[in-house]
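Chemist: structure for the following, please:
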Amino acid sequence: MEPTDWTQLGLGAVVALLVLREVFGFVLKMKKGENGTGEMAGHVHHLYKQHTQTDAHGVPPLVSMRITMAAIEKTQEKQTEILDRITRILDEMRHKPRERVRSGGG
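Modeler: Okay, the predicted model is just below:
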């Protein structure tokens, strides 16, 4: 019997070995009682509390006043830019007919 040439293994064999390694590692942890469910349950409970609590106004604590104010300021800045553009365009439109009349009447 010739020794196995490990360089000839295909991708499927490598994936199968990796899956088997993970399965056996999980089984060994379960036998030792190290399944990690207690730690995971703690994380899930913490996330549940974060996402379900609300303040007196019904706003979750994840939406802080700082985030809300930053969003309002950004919106106001965009609205100001838009209004400035509209005002500039309207001013240009208002002044153009006068210029045309002056240049046409000369």
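
Chemist: residue ranges of each domain in this structure, please.
Modeler: For the chain, automatic domain parsing gives the domain ranges 10-56, 64-106.

Chemist: as TSV, these with mean pLDDT and mean neighbour count would be great.
Modeler: The C-beta positions use only the backbone N, C-alpha and C, and glycine is treated the same way. Putting those into TSV (pLDDT from 0 to 100; neighbours: other CB atoms under 10 Å) gives the following:
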stretch	mean pLDDT	mean neighbour count
domain 10-56	78	10
domain 64-106	79	10
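
Chemist: and residue 59, what element?
Modeler: If you go by DSSP states H and E, residue 59 is not part of any helix or strand.

Chemist: hang on, I meant residue 22
Modeler: helix 11-32.

Chemist: then residue 48?
Modeler: Residue 48 is located in helix 37-52, with elements delineated by DSSP H and E.

Chemist: what packs against that helix?
Modeler: Helices and strands touching helix 37-52, by 3 or more CB pairs under 8 Å, 6 or more residues apart in numbering; DSSP states H and E: there are none.

Chemist: what's the following helix or strand after it?
Modeler: Under the assignment DSSP H and E, the closest C-terminal helix or strand after helix 37-52 is helix 65-105.

Chemist: state the phi and psi torsions of residue 55.
Modeler: Phi and psi for residue 55, reported as degrees, to the nearest 10, are phi -90, psi -170.

Chemist: for residue 25, see how far away it is.
Modeler: 44 Å (CB to CB, to the nearest Å).

Chemist: cool, residue 44 as well?
Modeler: 23 Å.

Chemist: check residue 95 too.
Modeler: Taken as CB to CB, the span from residue 95 to residue 25 is 77 Å.

Chemist: and for residue 32?
Modeler: For residue 32, the distance to residue 25 - CB to CB - is 11 Å.

Chemist: one more: residue 68?
Modeler: 46 Å.

Chemist: number of nearby residues for residue 59?
Modeler: The number of residues packed around residue 59, counting by other CB atoms under 10 Å, is 13.

Chemist: so for it, what's the pLDDT?
Modeler: In this model, residue 59 is scored at 70, pLDDT.
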